[in-house]
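Chemist: No letters, just coordinates:
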Ligand code: LLP
């Protein structure tokens, strides 16, 4: 994002032009920012541990065009469902370039997961028993709950520890791999994903140490070789202006250090170190352009826009902060205002009070930052307010990468019983 004489540009294109061409609300992603984020992070980790690879957790922004950028740059795909495995396949990835990390899988998920031939990452022993009824994965891992997790998004996105639904309990990890080995599975890795959005560099080596101590003992006891060790996503980004970001270099250096040290200690032969971030790659590469429709004076002055909790649910769901710019008015005096979307729900009054330009007016464009991760992917169609369009920008050019939904999309899967049909 750049501001020229107060006017905001995304990927070298004024937001007025994008709004005029594609309408609002609109998700906009900058290709160059995604590529830079990916390579900055890759270089940081490879510098300290060359056998390192990223998978992209496609759930955060599942537009295939966005995933295609990361795949082109060399990332594998972390898939949460069989549909995300299919998305990876459509991008030309399969086998050991894709990891299936679902949880509480149905029989159909298991069957399709096995058929797909990708790395099968199991969330627990109970699932292993069910998988074995259908077949044996060529290569598999267990998701370990290392007993500790953390997140800048609070408990909401803390994915390990005693309150998390994910992963194998630390005391059951050896048992899990023993059962898999006894069943004749011979190729293994290990996985964890203890939290999302962490900007404290020390966290990464800390949880890596926990995991290594758990699986080091398992490896020794069972004589298992771990081909890869995936320490999850979680690389955080700052959301508030002035908030300190992650010291990536430090996180990478300390993580690689403890990883190498523990690998040597437990006799693990330089496994592939993997991570599967999403937010760090796409979070700050995405924005929402919205429009102010009307401004009302009530108990408070409320700015009514076309960006609601249906467009971006993070603020309402997690209390997350997303910074908002008003195009052309950033230098105006500020006033405490409320801001909402168009839904018939009061939770859609998603900013009760924020310093915004006091001359904000109907027709103004707002730009919401850091919307690339868990933005569109978590949007929904409530109230017939349909999902927005998505656009990719790069050096002054733009491409529509997902059409705005229309009424036909809202009713696409509907079947009307004959007795209710209008004759
Ligand atoms: N791997 C697995 C297995 C995951 O479940 C996730 C995210 C990731 C990787 C990527 O994590 P990241 O690098 O983005 O932290 N909706 C929440 C975040 C939920 C995270 C879900 N799992 C939010 O908007 O903050």
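Modeler: Yes, it's here. Predicted model only: the values in this text are computed from it and were never measured.
Chemist: per-domain residue ranges of the chain.
Modeler: Domain assignment for the chain, taken from automatic domain parsing, gives 2-29+284-410, 31-282.
Chemist: can you tell me if the first one touches the ligand.
Modeler: Yes - for a cut-off given as C-beta under 6 Å from any ligand atom, domain 2-29+284-410 has contacts with the ligand, namely 314, 373, 374. All C-beta spots, glycine's among them, are computed from the backbone N, C-alpha and C.
Chemist: Only the buried subset of those residues, as a ChimeraX command please.
Modeler: Buried residues within the residues of domain 2-29+284-410 next to the ligand, by 16 or more other C-beta atoms under 10 Å, are selected in ChimeraX with:
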select :314,373,374
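Chemist: would a markdown table of the residues of domain 2-29+284-410 next to the ligand with pLDDT and secondary structure be doable?
Modeler: Output for those, formatted as a markdown table (pLDDT from 0 to 100; DSSP: H, G, I helix; E, B strand; the rest coil):
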| residue | pLDDT | secondary structure |
| --- | --- | --- |
| 314 | 98 | helix |
| 373 | 98 | coil |
| 374 | 98 | coil |
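Chemist: Nearest to the ligand, out of the residues of domain 2-29+284-410 next to the ligand: which one, please.
Modeler: residue 374 (3.1 Å; C-beta to the nearest ligand atom).
Chemist: hey, which of the domains of the chain is tucked in deepest?
Modeler: domain 31-282 (a mean of 20; mean count of other C-beta atoms under 10 Å).
Chemist: Please see if that domain touches the ligand.
Modeler: Yes - Domain 31-282 is in contact with the ligand by C-beta under 6 Å from any ligand atom, via 57, 60, 78, 101, 153, 157, 193, 196-197, 232-235, 276-280.
Chemist: what would the residues of domain 2-29+284-410 next to the ligand look like in JSON lines with distance to residue 124?
Modeler: Output for the residues of domain 2-29+284-410 next to the ligand, formatted as JSON lines (distance: C-beta to C-beta, whole Å):
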{"residue": "314", "distance to residue 124": "28"}
{"residue": "373", "distance to residue 124": "27"}
{"residue": "374", "distance to residue 124": "25"}
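Chemist: Closest to residue 287 out of the residues of domain 2-29+284-410 next to the ligand?
Modeler: Closest approach between the residues of domain 2-29+284-410 next to the ligand and residue 287, by C-beta to C-beta: residue 373, at 11.9 Å.
Chemist: In contact with residue 35, which residues are there?
Modeler: 69, 73 (C-beta atoms under 8 Å, 6 or more residues apart in numbering).
Chemist: Mind telling me what element it is part of?
Modeler: helix 31-48 (DSSP states H and E).
Chemist: cool, residue 193 as well?
Modeler: Going by DSSP H and E, residue 193 is not in any helix or strand.
Chemist: where's residue 338, which helix or strand?
Modeler: Assessed by DSSP H and E, residue 338 sits inside strand 334-340.
Chemist: next one: residue 205
Modeler: Residue-wise, residue 205 maps onto helix 203-222 under DSSP H and E.
Chemist: what's the next helix or strand after that helix packed up against?
Modeler: Next along the chain after helix 203-222, taking DSSP H and E as the criterion, comes strand 226-230. Judged by 3 or more C-beta pairs under 8 Å, 6 or more residues apart in numbering; DSSP states H and E, strand 226-230 is in contact with strand 139-143, strand 187-191, helix 203-222, strand 272-275.
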